[in-house]
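S.K.: sequence and computational prediction follow.
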Amino acid sequence: MAAAPVTAEAKQWSLRDCIDYALRNNITLRKTQLQRLSAVEDVKQSQAALLPSLSASTSHNVSYSPWPETGSYMVAGSKVQTTVDKVYYNGSYGVSANWTVWDGNQNHNQVKLNKLAEQQAALDSATTANTIQEQIAQLFVQILYSKEAVEVNRQTLETSKKNEERGQEFLKVGSMSKADVAQLTAQRAQDEYAVVQAESNLREYKRQLKQLLQITDEEEFDVVVPATTDEMALQAVPGVGAVYESALAIRPEIRNAQLGVQTSDLQIKMAKAGWQPTVGLNAGVSTNTTSMSDNAWGTQLKNNFSLGAGFTVSIPLLDQRKTRTAVNKAMLQKQSYQLDLQDKQTALYSTIENYWLQAVNNQAQFKSARVSTQSAETSYELLSEQFRQNLKNIIELMNGKDALLKAQQAELQAKYLTILNIDMLKFYQSGTVR
């Protein structure tokens, strides 16, 4: 488990704790990191392909000729044997080297291509990490909002219980009917259900966060409630243009798409290499032995030793339009990568604009909700006092309580959604969740 503050009740996780733990343990993220390591191996392999290949070989054969022709001759390696045995043995030994000197620069471009693939794999991992941080921040704020919503509903329930008790007292002295008391009881039961529902929502958000963190134990899970002030929801909202310009420079999905265009340029060069000649060098040493020779094994190795070298040049003349097709497809692929880049830029702008709109709208709603809550609190306090004095009926009291509850819930929701969306704008601008 990640290091996090521990209390007697439950392990307390801050937002930073959750993010750090997820970046180390999230399975989806770890898979993308494995893909990057695989890309590193491809780079090493393509770099090694620039060097000559070297191989050693040996073969050993035993033959049986029951009726050899008298006076016949047998070729053994590079020697001609004047006698032929019924059973004879031949052995050969060789070392050969091959090196592609020129292939239209395909091998060097392949190294560059694999390096770009490695960078893209790393950016894929960074994109996944950003997505996980974004999801954690959203769930974390939902948990904070749900915790406060539970407290609001509990306070409302306490008020309902007091009103029900007061109604019972009125019933005893004949100042209230059983029907009105039944409404108070029903309101109290409804508020109890609201508390249960709010607690259920809180547990569900915690479950989703645990799943994102890959936590599977049954240990109690809770989050640290940071100090959230009204000023955090009332701070200036970062502008869309400024956030977008910063995000273009740091967001990994944009950089990944840009590398895709660079990749297509290399693929075009590699396709055009099909029109260029290929030059290769080869060299080798070999020797052989046979049982038909009277010379010793070591002497045969020496006598039959030979060296050889050569080169090959392959010039393409007609390839049934294969190269032209490969070049045209590579060019079309480049256009596709360019469109992918434009699409990701558009999606990035739309995402930032959506966070900005949500921040601005919720900030305006929060300002309005604060006024509504203050008004509803004053009104409900007055109604409650008048109800206790039997000056207001049950309907007026319940309407006042419903108005207060709705105002409080609206204020809480607007407050936390404003903070969340402003934090998301800052995340896209700086690349760090605070």
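M.R.: Noted; the coordinates are in hand. Small disclaimer: the values here were computed from a predicted structure and weren't measured. Numbers count the residues shown, from 1 in each chain.

S.K.: report the central residue of the chain.
M.R.: Ranked by distance to the mean C-alpha position of the chain (Cα atoms, centre = their mean), the top residue is residue 128 at 2.0 Å.

S.K.: now do the SS call for that one.
M.R.: Reduced to three states with DSSP: H, G, I helix; E, B strand; the rest coil, the structure at residue 128 is helix.

S.K.: how close does it get to residue 360?
M.R.: 29 Å (Cβ to Cβ, to the nearest Å). (Glycine included, C-beta is placed from N, CA and C.)

S.K.: re the thing from before, isn't the residue nearest to the centre of the chain right up against residue 27?
M.R.: No. Here residue 128 does not reach residue 27: they are 10.7 Å apart, not a contact under Cβ atoms under 8 Å.

S.K.: show me the shaky parts of the stretch 51-200 of the chain.
M.R.: Low-confidence segments of the stretch 51-200 of the chain, defined by pLDDT under 70: 69-85.

S.K.: which parts of it are strands?
M.R.: Counting by DSSP state E, counting those that start in this stretch, the segments of the stretch 51-200 of the chain that form strands are 53-64, 74-76, 79-81, 87-102.

S.K.: using TSV, please lay out those strands together with distance to residue 33.
M.R.: Putting the strands of the stretch 51-200 of the chain into TSV (distance: least, Cβ to Cβ, whole Å) gives the following:
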stretch	distance to residue 33
strand 53-64	32
strand 74-76	58
strand 79-81	60
strand 87-102	33
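
S.K.: which residues does residue 268 contact?
M.R.: With contacts taken as Cβ atoms under 8 Å, 6 or more residues apart in numbering, residue 268 has the following neighbours: 327, 330, 331, 334.

S.K.: which strand or helix spans it?
M.R.: Take DSSP states H and E as the rule and residue 268 turns out to sit in helix 252-272.

S.K.: buried ones in that helix?
M.R.: 252-272 (16 or more other Cβ atoms under 10 Å).

S.K.: before we move on, what about stretch 48-67?
M.R.: Counting neighbours, the buried set in stretch 48-67 is empty (16+ other Cβ under 10 Å).

S.K.: residues in contact with that stretch?
M.R.: With Cβ under 8 Å, 6+ apart as the test, stretch 48-67 has contacts from 84-99, 107-108, 110-111, 281.

S.K.: give me the mean pLDDT for the strand or helix carrying residue 300.
M.R.: Secondary structure here is read from DSSP H and E; on that basis residue 300 sits in helix 297-303. Per-region confidence: helix 297-303 scores 90 on mean pLDDT.

S.K.: packing partners of that helix?
M.R.: strand 278-290 (3 or more Cβ pairs under 8 Å, 6 or more residues apart in numbering; DSSP states H and E).

S.K.: angle of the strand it packs on against strand 53-64?
M.R.: Computed by axes from the mean of the first three to the mean of the last three Cα atoms, to 10 degrees, the angle separating strand 278-290 from strand 53-64 equals 30 degrees.

S.K.: could you check the angle strand 278-290 makes with strand 87-102?
M.R.: 160 degrees.

S.K.: flag every buried residue along strand 278-290.
M.R.: 278, 280, 283, 284, 286, 287, 288, 289, 290.

S.K.: how about the helices of the protein, start to end?
M.R.: Listed in chain order, the helices of the chain (DSSP state H) span 15-25, 27-48, 106-172, 178-212, 230-234, 240-250, 252-272, 297-303, 322-388, 394-430.

S.K.: save those as a markdown table, and put in distance to residue 62 too.
M.R.: Converted to a markdown table, the helices of the chain look like this (distance: least, Cβ to Cβ, whole Å):
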| stretch | distance to residue 62 |
| --- | --- |
| helix 15-25 | 61 |
| helix 27-48 | 38 |
| helix 106-172 | 42 |
| helix 178-212 | 67 |
| helix 230-234 | 88 |
| helix 240-250 | 70 |
| helix 252-272 | 48 |
| helix 297-303 | 15 |
| helix 322-388 | 46 |
| helix 394-430 | 75 |
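
S.K.: coming back round to it: and the helix holding residue 268, how far out from the chain middle?
M.R.: Distance of helix 252-272 from its chain centroid, counting by Cα atoms, centre = their mean, to the nearest Å, is 21 Å.

S.K.: let's see that helix as PDB, backbone CA atoms only.
M.R.: The C-alpha trace of helix 252-272 is given here as PDB (Å, rounded to 0.1, in the frame of the first residue of the first chain):
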ATOM      1  CA  PRO A 252       1.300  14.300 -24.600                       C
ATOM      2  CA  GLU A 253      -1.500  13.400 -26.900                       C
ATOM      3  CA  ILE A 254      -0.700  16.500 -29.100                       C
ATOM      4  CA  ARG A 255       3.000  15.700 -29.100                       C
ATOM      5  CA  ASN A 256       2.200  12.100 -30.000                       C
ATOM      6  CA  ALA A 257       0.200  13.200 -33.000                       C
ATOM      7  CA  GLN A 258       3.000  15.500 -34.100                       C
ATOM      8  CA  LEU A 259       5.400  12.500 -33.900                       C
ATOM      9  CA  GLY A 260       2.900  10.600 -36.100                       C
ATOM     10  CA  VAL A 261       3.500  13.100 -38.900                       C
ATOM     11  CA  GLN A 262       7.300  12.800 -38.500                       C
ATOM     12  CA  THR A 263       6.900   9.000 -38.600                       C
ATOM     13  CA  SER A 264       5.000   9.300 -41.900                       C
ATOM     14  CA  ASP A 265       7.900  11.300 -43.400                       C
ATOM     15  CA  LEU A 266      10.300   8.500 -42.600                       C
ATOM     16  CA  GLN A 267       7.900   6.000 -44.000                       C
ATOM     17  CA  ILE A 268       7.800   7.900 -47.300                       C
ATOM     18  CA  LYS A 269      11.600   7.900 -47.500                       C
ATOM     19  CA  MET A 270      11.700   4.200 -46.800                       C
ATOM     20  CA  ALA A 271       9.200   3.500 -49.500                       C
ATOM     21  CA  LYS A 272      11.200   5.500 -52.000                       C
END
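
S.K.: for that helix, what is the average pLDDT?
M.R.: In the prediction, helix 252-272 has an average pLDDT of 96.

S.K.: and the angle from that helix to helix 240-250?
M.R.: Computed by the same axes, to 10 degrees, the angle between helix 252-272 and helix 240-250 is 50 degrees.

S.K.: and the angle for helix 252-272 with helix 322-388?
M.R.: 170 degrees.

S.K.: please name the nearest non-neighbouring residue to residue 185.
M.R.: Here the nearest residue to residue 185 in space, its sequence neighbours aside, is residue 164; by Cβ to Cβ, 6 or more residues apart in numbering that works out to 5.7 Å.

S.K.: how much space is there between the one you found and residue 171?
M.R.: 10 Å.

S.K.: cool, and residue 387?
M.R.: Here the distance between residue 387 and residue 171 works out to 14 Å (Cβ to Cβ).
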